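**Student:** structure, please.
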Amino acid sequence: MAISIMTRVWDSTNGMVDIGTLDGDLILAHGINNAGQVVGEYLTSDGIQRAFIWDNINGMVDLGLDFGTACAINGTGQVVGGAESAFIWDSTNGVTYLDSLGKTAVARAINEVGQVAGNVFKEDGIVSRAVLWDSDNGVIDLGTLGRDTSQAWGINDFGQVVGNAIDHSLYGSGVAPFLWDSQNGMVNLNSLLSVNSSWAEISSVYDINNRGQIVGQGYVSGDSGTHAFLITPVPQPQTYYVDDDAPDDPVHGDPSSSDPLEDGSIVHPFDAIQEAIDAAYDGDTVLVADGIYTGQGNRDIEVSTKGITIRSLNGPENCIIDCNATKDEPYYGFYFHDNEDSNSILSGFTITKGYSWSVIGGVGITSRGSRLTISDCNIRGNKVFGSRSGFSSGISLIEGIYFINNCTITENATKTGVLDCGALYARSSGNGQITINNCTITNNNTVGIRCENSGLMITDCNISGNTSGGIYCEDGNSTITDCKISDNGLYLF
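**Tutor:** Residues are numbered from 1 along each chain as shown. Sure thing, here's the model as predicted:
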């Protein structure tokens with residue numbers, strides 16, 4: 001009886017695509033990269049196992065090995081697998097055998113910097129040891145957690161390796177799934193399960209991404225069947241540093257020319273605020289050194305679905321976000337959105353020279369559907385010339401919970417006579433809450449505060465010298481306590 005197993009590639013545009021065959025009816029795919037290149041093995045009509053690479057332009061191509069399998073491919077097109085020994089293949093150099101691993105080895109995974117995770121077997125072909133290989137350091141034995149064998153299955157771009165340590169003498173209970181890194185060595189993932197976890201045991205793990213998320217299978221308490229899982233790590237809060245004038249920056253003040261070793265550490269800080277925000281998780285802090293920050297990554301800064309603290313080292317006089325925007329090249333400062341579960345904090349910045357005809361909200365700061373505290377910030381010299389509700393030349397706060405403390409909003413401009421806008425715009429219905437305390441909102445060419453459907457609490461504020469009014473509220477119950485509201489233009493509160 002003949003067995004036919006064909007391989008297909010699926011995407012949301014083309015659906016299921018049969019990648020074909022070179023010879024025979026048994027095709028197995030083992031890896032795919034972001035370019036859609038697929039690698040694997042096929043069995044010829046003569047019963048020989050051979051490695052292939054496939055893409056939608058060249059179709060299926062044999063890698064030129066007498067026998068073997070291709071296990072993984074990275075973004076640069078480097079393929080790893082096993083044949084006479086572990087190998088790396090690319091379209092320029094062909095096959096390179098990793099002789100330092102020995103003759104009985106297989107390369108299982110490769111990351112974007114060319115590090116390879118694999119297994120070196122003893123002569124019996126059963127007992128193996130998980131290893132990490134790169135061109136600089138050669139072979140690193142990852143250990144076995146006291147078992148008689150270990151197997152590496154996945155690696156991410158940070159050199160973290162996952163796999164399984166196995167004791168063949170302990171049937172059913174001898175597998176210890178592991179995570180290895182250069183700092184902690186090999187760690188049994190079952191030792192990290194919470195005592196309150198519904199998972200009884202992690203039985204095997206197979207891959208890890210750059211977020212540290214791990215996939216595998218295991219057992220849920222009270223259920224004898226195996227379940228697939230996704231582990232997402234909860235990192236300890238840490239601080240990411242930003243400095244546009246760091247010693248190792250090739251061009252100071254230019255985020256397009258960066259320290260090649262920048263990683264957000266105090267020694268190799270990021271030079272763009274957005275880089276640090278993208279690296280951060282809930283509870284982390286982004287600490288920004290003194291300087292004038294401009295250019296890509298230091299304007300149109302976006303914070304989505306995470307609660308982090310972004311603060312300057314020495315206050316708004318020393319840390320300036322210069323949007324450097326014009327009518328033809330509009331930019332804004334910060335945009336927070338879709339984070340209702342944890343609180344973000346923005347503290348100690350001057351945000352200036354934002355400009356837009358049609359912005360997402362405030363030219364200086366916008367927040368939608370979030371919990372956000374803004375403190376000790378100066379929002380000055382920004383302009384918006386749209387006329388739609390929700391626009392603001394300074395700050396827009398829309399549908400969320402907000403605390404604005406000790407901020408100065410001054411010399412911002414909105415299209416003359418438009419009351420849908422303001423230096424500070426607020427709208428928060430339902431369970432929303434907006435508190436403005438000890439703020440100075442003065443000399444803006446617009447309404448000082450414009451609110452809709454909101455219950456604002458405004459305390460100890462100076463709202464003066466604004467051309468189109470001090471406060472203009474509609475459809476809401478606001479409380480104003482101990483405020484100075486004076487010398488404003490038309491539409492006084």
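
**Student:** residue ranges with poor pLDDT in the chain?
**Tutor:** Applying pLDDT under 70 to the chain flags the ranges 1-6, 123-126, 168-173, 340-341, 357-361, 386-390, 415-421, 430-431, 491-493.

**Student:** helices along that one, start to end?
**Tutor:** If DSSP state H is used as the criterion, the helices of the chain fall at 273-279.

**Student:** tell me the domain ranges of it?
**Tutor:** Using automatic domain parsing, the domains assigned to the chain come out as 8-231, 299-486.

**Student:** list the contacts for the nearest residue to A289 once chain neighbours are set aside?
**Tutor:** Distance criterion C-beta to C-beta, 6 or more residues apart in numbering; nearest residue to A289, sequence neighbours excluded, is D243 at 4.0 Å. Yep, even glycine has a C-beta here, placed from its N, CA and C like the rest. Taking C-beta atoms under 8 Å, 6 or more residues apart in numbering as the definition of contact, the neighbours of D243 are 249, 269-271, 288-289, 291.

**Student:** can you check N58 too?
**Tutor:** Residues near N58 by C-beta under 8 Å, 6+ apart: none.

**Student:** quick check on it: phi, psi?
**Tutor:** Summarising the backbone geometry of N58 under the convention degrees, to the nearest 10, its torsions are phi -90, psi -10.

**Student:** state the distance from the residue nearest to A289 to V139.
**Tutor:** The gap separating D243 from V139 is 38 Å, by C-beta to C-beta, to the nearest Å.

**Student:** can you check D249 too?
**Tutor:** Applying C-beta to C-beta, the value for D249 to V139 is 35 Å.

**Student:** likewise for N74?
**Tutor:** The separation that N74 has from V139, given C-beta to C-beta, amounts to 19 Å.

**Student:** neighbour count winner among those two?
**Tutor:** Between N74 and V139, counting by other C-beta atoms under 10 Å, N74 is the more crowded of the two (25 against 17).

**Student:** quick check: nearest residue in space to that one, chain neighbours excluded?
**Tutor:** When the adjacent residues along the chain are set aside, N74 lies closest to I110, with 4.9 Å between them (C-beta to C-beta, 6+ apart).

**Student:** pretty sure the one you found contacts V80?
**Tutor:** Yes: look at I110 against V80 with C-beta atoms under 8 Å: they come within range, at 4.6 Å.

**Student:** between the two, which contacts overlap?
**Tutor:** Between them, I110 and V80 share the contacting residues 72-73, 88, 116, judged by C-beta under 8 Å, 6+ apart.

**Student:** highest neighbour count among those?
**Tutor:** For those, neighbours were counted using other C-beta under 10 Å, and V116 has the most, 28 neighbours in all.

**Student:** ok, the residue nearest to N74 to D157 distance?
**Tutor:** Using C-beta to C-beta, which is the criterion applied here, I110 is 10 Å from D157.

**Student:** and what of K353?
**Tutor:** Relative to D157, and taking C-beta to C-beta, K353 is found at 37 Å.

**Student:** neighbour count for these two, which is higher?
**Tutor:** Here K353 and D157 are set side by side on neighbour count (other C-beta under 10 Å), and the busier one is K353, at 20 against 13.

**Student:** pretty sure that one contacts S393?
**Tutor:** No: the criterion here is C-beta under 8 Å, and K353 misses it with S393 at 11.6 Å.

**Student:** how close does I404 get to A423?
**Tutor:** 12 Å.

**Student:** for E452, same thing?
**Tutor:** As for E452, its distance to A423 is 15 Å (criterion: C-beta to C-beta).

**Student:** which one's more surrounded, those two?
**Tutor:** With other C-beta under 10 Å as the criterion, E452 and A423 differ in neighbour count, and A423 comes out ahead with 32 against 18.

**Student:** is it true that that one touches E411?
**Tutor:** No: the pair A423 and E411 does not pass the contact test of C-beta under 8 Å, sitting 9.2 Å apart.

**Student:** can you pull the residues that touch both of those two?
**Tutor:** When contacts are counted by C-beta under 8 Å, 6+ apart, A423 and E411 have N444 as shared neighbours.

**Student:** from one end of stretch 279-287 to the other, what's the distance?
**Tutor:** Stretch 279-287 has an end-to-end distance of 13 Å (C-alpha to C-alpha, to the nearest Å).

**Student:** list the buried residues in it.
**Tutor:** Neighbour-count burial for stretch 279-287, with 16 or more other C-beta atoms under 10 Å as criterion, is recorded at 280-282, 284-287.

**Student:** please list all residues in contact with T144.
**Tutor:** Residues in contact with T144 (C-beta under 8 Å, 6+ apart) are 129-130, 150, 165, 186.

**Student:** of the residues you listed, which is the nearest to S12?
**Tutor:** Of all the contacts of T144, the one with the least separation from S12 (C-beta to C-beta) is A130, at 35.1 Å.

**Student:** so of the contacts of D243, which ones are in strands?
**Tutor:** Among the contacts of D243, the ones falling in strands (DSSP state E) are 288, 291.

**Student:** switch the contacts of D243 over to a markdown table; also include distance to D25.
**Tutor:** As requested, the contacts of D243 are arranged in a markdown table below (distance: C-beta to C-beta, whole Å):
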| residue | distance to D25 |
| --- | --- |
| D249 | 57 |
| P269 | 56 |
| F270 | 52 |
| D271 | 55 |
| V288 | 60 |
| A289 | 63 |
| G291 | 64 |
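
**Student:** and F121, how many residues sit next to it?
**Tutor:** The burial metric for F121, expressed as a neighbour count using other C-beta under 10 Å, is 19.
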